[in-house]
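Participant: model this:
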Amino acid sequence: MPKPALRLPPLRLLANIALTFLVGGIGGVVFSWLHIPAGWLIGSMTMVAAAALAGRTMVIPRRLTQVIFIFIGVSLGAVVTPETLQGMGTWPLSVAVMVVAIAFISILSSGYLRYVHGWGTTASLLASAPGALSQVMVMAAELKLDMRAIAVVQTVRVMVISVALPLGLTMLGLVSLDAPTVGGPFNPDLIGELAILIGVSAAAGVIFQRFHFPGGLLFGAMLCSGALHGSGLIHAVMPWWAVNAAMLALGCVTGARFTNTSMRMFLNFLGAALGSLAVSVVVAALFIAILVVGTELRVADVSIAFAPGAVDVMMVLALALSLDPVYIGAHHLARIVVISLAIPIVSHWSMRHERLPPAPPPPVRKVPFDD
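Facilitator: Purely as a prediction, here's the structure:
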């Protein structure tokens, strides 16, 4: 979705940022009060998206978004212990199954968009790519495709999965009904360790980003924090209120993607978005069932790991639902690496075939006639 223009007078920009956090904060508080799983994330995301579609300018600056990713990465790594690393021997099979699932999701969802809604091959492939929204939008701009249509389909999928998946897992009794408290109490005695944890993890995230590592800020901070906690060098964790604030802020970032999207445009592409989402969910559910039946992995962990949603949101759901962030993080990291490598190759190949001129008719052979 086209990013909201940030070339605003400073006071106007600050007012819009404050409004975004106010709307998101109201949603987060209400959803958390209702004991909805991941309420801080889902509530802020829903309310900010609704305000954006209603015509309000919802804005979270890029620099602030980067800080949010680092805080989330630090929080995810803080739950790593040596025990969470046990059972990693089964992950290669799980990752392989997920890669196959990605291929089927992309092919079948893009086929739905082509044959049901008449989309072009390349646009349907980009809209169906499960995740990697930034890479998808860059490629769509480079190939001069309809960015708004692709962005609506991608963003609606992220929103619906982010809201429906934790609620569905709760209704099936696979996660706790009560939204768990993440993070821990603020311990003044460990403030030095906490400062070291944040500083080193932030530096790792920046390094990963500089080397164009997919999801570098989040995964770099997470891996560094996980290494420090898993080795026992650091015991400090992010305060619970800081973790909740980061989840709320991420919800604002996701919901703000609907800024500058009119309700009419949104409704025009809603059918395509929901239809392709339904195809993606059915395919993902089939592969989840196959994997769960053949292994001892938990249904909730596999569901979040295989969900075709945004990486950052899925990782926060893992944190908020007290699932295994190491297992889920490994799968989403593999997913965005595969998609990031495949998108340029598949898109350019598809565009070349879409632009090929029709084959000339075969030459007419003259048949001699007997006089």
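Participant: Tell me the confidence at the nearest residue to Ser276 once chain neighbours are set aside?
Facilitator: Distances taken as Cβ to Cβ, 6 or more residues apart in numbering put Ser109 closest to Ser276, at 4.4 Å, once the chain neighbours are dropped. The C-beta positions use only the backbone N, C-alpha and C, and glycine is treated the same way. At Ser109, the model reports a pLDDT of 94.
Participant: Would you confirm that Ser109 contacts Trp119?
Facilitator: No: assessed by Cβ atoms under 8 Å, Ser109 is found out of contact with Trp119, at 10.6 Å.
Participant: Output the contacting helices and strands for the strand or helix carrying Ile196.
Facilitator: Per DSSP states H and E: Ile196 is located in helix 191-210. Contact here means 3 or more Cβ pairs under 8 Å, 6 or more residues apart in numbering; DSSP states H and E; on that basis helix 191-210 packs against helix 62-77, helix 216-230.
Participant: got any ranges where the stretch 51-200 of the chain has weak pLDDT?
Facilitator: Counting by pLDDT under 70, the stretch 51-200 of the chain has low-confidence residues at 79-90, 132, 134, 138, 176-186.
Participant: which residues in it form helices?
Facilitator: Using DSSP state H, counting those that start in this stretch, the helices found in the stretch 51-200 of the chain span residues 62-77, 91-117, 121-128, 133-142, 147-171, 191-210.
Participant: Quick one: closest of those helices to Arg335.
Facilitator: Nearest to Arg335 among those is helix 91-117; the distance by Cβ to Cβ comes to 6.2 Å.
Participant: Now do that closest one against helix 147-171: the angle between them, please.
Facilitator: With axes from the mean of the first three to the mean of the last three Cα atoms, to 10 degrees applied, the angle from helix 91-117 to helix 147-171 works out at 130 degrees.
Participant: Tell me the helices and strands packed up against helix 91-117.
Facilitator: helix 121-128, helix 263-294, helix 299-306, helix 325-354.
Participant: Could you look over these and pick the most buried one?
Facilitator: Comparing those by mean neighbour count (mean count of other Cβ atoms under 10 Å), helix 121-128 ranks first with a mean of 26.
Participant: That helix to helix 133-142, inter-axis angle?
Facilitator: Between the axes of helix 121-128 and helix 133-142, defined by the same axes, to 10 degrees, the angle is 160 degrees.
Participant: Not counting its own residues, what contacts helix 121-128?
Facilitator: Helix 121-128 has contacts (Cβ atoms under 8 Å, 6 or more residues apart in numbering) with 105-106, 109-114, 119, 136, 139-140, 143, 145-146, 149-150, 153-154, 272, 276, 280, 343, 346-347, 350-351, 353-354.
Participant: What of stretch 65-76?
Facilitator: By Cβ under 8 Å, 6+ apart, the list of residues contacting stretch 65-76 from outside reads 60, 182-183, 197-198, 201-202, 205, 217-222, 224-226, 237-238, 242-243, 246-247, 249-250, 253, 312, 315-316, 318-319, 325, 329.
Participant: in it, what counts as buried?
Facilitator: Residues of stretch 65-76 classed as buried by neighbour count (16 or more other Cβ atoms under 10 Å): 65-66, 68-76.
Participant: Considering those residues, which is situated nearest to Leu190?
Facilitator: Leu190 lies nearest to Val74 out of the buried residues of stretch 65-76, by Cβ to Cβ, at 13.7 Å.
Participant: So that closest one versus Met171, what's the distance?
Facilitator: Val74 sits 31 Å away from Met171, taking Cβ to Cβ, to the nearest Å as the criterion.
Participant: I figured Ile161 hits Gly309, correct?
Facilitator: Yes: contact criterion Cβ under 8 Å: Ile161 and Gly309 qualify, at 4.1 Å.
Participant: so where's the stretch 251-371 of the chain uncertain?
Facilitator: 353-371.
Participant: how about 90 then?
Facilitator: The stretch 251-371 of the chain contains residues with pLDDT under 90 at 251, 253-269, 294-298, 307-371.
Participant: Can you report how many residues lie near Pro130?
Facilitator: 27 (other Cβ atoms under 10 Å).
Participant: ok, the nearest residue to it once chain neighbours are set aside - contacts?
Facilitator: Leaving aside its chain neighbours, Pro130 sits nearest to Pro308 (3.1 Å; criterion: Cβ to Cβ, 6+ apart). Residues near Pro308 by Cβ under 8 Å, 6+ apart: 102, 105, 130-131, 157, 161, 280-281, 284.
Participant: Also Ser106?
Facilitator: Contact analysis of Ser106 by Cβ under 8 Å, 6+ apart lists 125, 128-130.
Participant: Among the contacts of Pro308, pick out the one closest to Gly55, please.
Facilitator: The nearest member of the contacts of Pro308 to Gly55, counting by Cβ to Cβ, is Arg157 at 23.1 Å.
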